[in-house]
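**Student:** what shape does this take:
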Amino acid sequence: MTIVVAGHTGLVGSAIFEALQARGEDVIGINSKVVNLLNREATFQFIKDKKPDLIIDSAAIVGGIGANNEFRVEFLSKNLQIQSNLMDAAHEADVERFVFLGSSCIYPRECPQPIKEEYLMTGPLESTNSAYAVAKIAGIELIKSYRKQYSRRWISLMPTNMYGPNDNFDLESSHVLPALMRKFHEAKINGTGFIEVWGTGSARREFLHADDLADACLFMLKDYHDLEHINIGTGIEVSIKELAETLREVIYPEAELRWDTSKPDGAPRKLLDVTKIEAAGWTHSISLRDGIESTYKWFMDHYEHVRGR
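**Tutor:** As a prediction, the model looks like this:
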């Protein structure tokens, strides 16, 4: 079986790509150097030439609160183009299986917690990342539409907040965990006695290591064929304050935390209900502390070349 992983050098895609390679699969990676997924003609030609049996779509324009707010057009327009070009190309090439990887930001800002799959589109989105969320919701709907109209065996998986090797560590555009990891590291090597953290620290989040997501993705490919998307997470949440304190313990215990309350917290709480995937037989295996420690080791080993530097 030939498998294409779109976005194979990013956080999620690299973990999936490496997991497939470890299983001895015939896997082909796509990043912008291989084919520009914003180019519809080039995308169609690439998929036609490779004739994959399965496409796993982890390609996306992503970022934290600041980037989502500042580059709303790019987060909406480019993500819509990437996913629709890839799905339409897969359909034309008669690709049997397709996995669309979305995001937990698809759910309403104030929906009940933990968040069940059926809460999708039951209320207003979090305003700071609504453009990205709308793109991902459109991706879910396109998968469902291809299933209904053309009987495609395609599925959508909705992971929670991700972290791990090959993440984006840019202080302006990254997510909270990699941004804080870099802040602590650089404060330590520069001898700065404190780090500044956005918001109040009260917002609560769930974090999943990329290797766990890769494992979940391959597990769900075996026998998950439902029309509806399914959540992937740990079912465990921490406050941003608790996250910052754990990172401090691992990286720079002497540092002082300073909270910039002029900056937004984002959604107050975001915890996925993982009842369905656990009932299917999958659960995460990497604790947050262990994941932070291993990711920080990777970060130090690759510091000169990490994304965002």
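**Student:** all strands for the chain, in order.
**Tutor:** Ranges of strands in the chain, per DSSP state E, are 2-6, 26-30, 54-57, 97-101, 153-159, 161-163, 194-198, 204-205, 207-209, 230-232, 238-239, 256-260, 269-270.
**Student:** would you confirm that residue 171 contacts residue 181?
**Tutor:** No: taking contacts as CB atoms under 8 Å, residue 171 lies outside contact range of residue 181: 10.6 Å. (Each C-beta comes from the backbone N, C-alpha and C, glycine too.)
**Student:** more neighbours: these two, which one.
**Tutor:** Between residue 171 and residue 181, counted using other CB atoms under 10 Å, residue 181 has the larger neighbour count: 22 against 15.
**Student:** OK, contacts around the closest residue to residue 116 other than its chain neighbours?
**Tutor:** In space, and not counting its chain neighbours, residue 116 is closest to residue 273: 4.5 Å by CB to CB, 6 or more residues apart in numbering. The contact partners of residue 273, by CB atoms under 8 Å, 6 or more residues apart in numbering, come to 114, 115, 116, 117, 231, 235.
**Student:** from those residues, which is closest to residue 12?
**Tutor:** Nearest to residue 12, judged by CB to CB, of these is residue 231 at 15.2 Å.
**Student:** bridge partners for the closest one, pull those for me.
**Tutor:** Under DSSP bridges, the beta-bridge partners of residue 231 are residue 158.
**Student:** related to what we said a few turns ago, for the residue nearest to residue 116, give its distance to residue 176.
**Tutor:** Counting by CB to CB, to the nearest Å, the gap from residue 273 to residue 176 is 22 Å.
**Student:** still on that earlier bit, quick check, nearest of the contacts of residue 273 to residue 195?
**Tutor:** For the contacts of residue 273, the nearest to residue 195 is residue 235 (28.9 Å; CB to CB).
**Student:** how about that closest one, nearest residue that isn't a chain neighbour?
**Tutor:** Using CB to CB, 6+ apart, the closest residue to residue 235 is residue 274 (4.5 Å).
**Student:** one more: residue 40?
**Tutor:** According to CB to CB, 6+ apart, the nearest residue to residue 40 is residue 85 (4.8 Å).
**Student:** tally up the residues packed near that neighbour, please.
**Tutor:** Around residue 85 there are 23 residues (other CB under 10 Å).
**Student:** and it, what does it touch?
**Tutor:** 37, 38, 39, 40, 43, 44.
**Student:** tell me which of the residues you listed fall in helices.
**Tutor:** 40, 43, 44 (DSSP state H).
**Student:** can you turn the buried part of those residues into a ChimeraX selection?
**Tutor:** The ChimeraX command for the buried members of those (criterion: 16 or more other CB atoms under 10 Å) is given here:
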select :43,44
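**Student:** dump the contacts of residue 273 to JSON lines, plus pLDDT.
**Tutor:** Shown next, in JSON lines, are the contacts of residue 273 (pLDDT from 0 to 100):
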{"residue": "114", "pLDDT": "98"}
{"residue": "115", "pLDDT": "98"}
{"residue": "116", "pLDDT": "98"}
{"residue": "117", "pLDDT": "98"}
{"residue": "231", "pLDDT": "98"}
{"residue": "235", "pLDDT": "97"}
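**Student:** quick one: buried ones out of those?
**Tutor:** Neighbour-count burial (16+ other CB under 10 Å) is assigned, among those, to 114, 115, 116, 117, 231, 235.
**Student:** returning to that earlier point: now, which of the contacts of residue 85 sits nearest residue 209?
**Tutor:** Using CB to CB, the contacts of residue 85 come closest to residue 209 at residue 37, 25.6 Å.
**Student:** can you report how many residues lie near the nearest residue to the closest one once chain neighbours are set aside?
**Tutor:** Closest residue to residue 37 apart from its sequence neighbours, by CB to CB, 6+ apart: residue 82 at 4.5 Å. Number of residues near residue 82 (other CB under 10 Å) recorded here: 22.
**Student:** from what I can see residue 82 touches residue 38, true?
**Tutor:** Yes: if you go by CB under 8 Å, residue 82 and residue 38 touch, sitting 6.4 Å apart.
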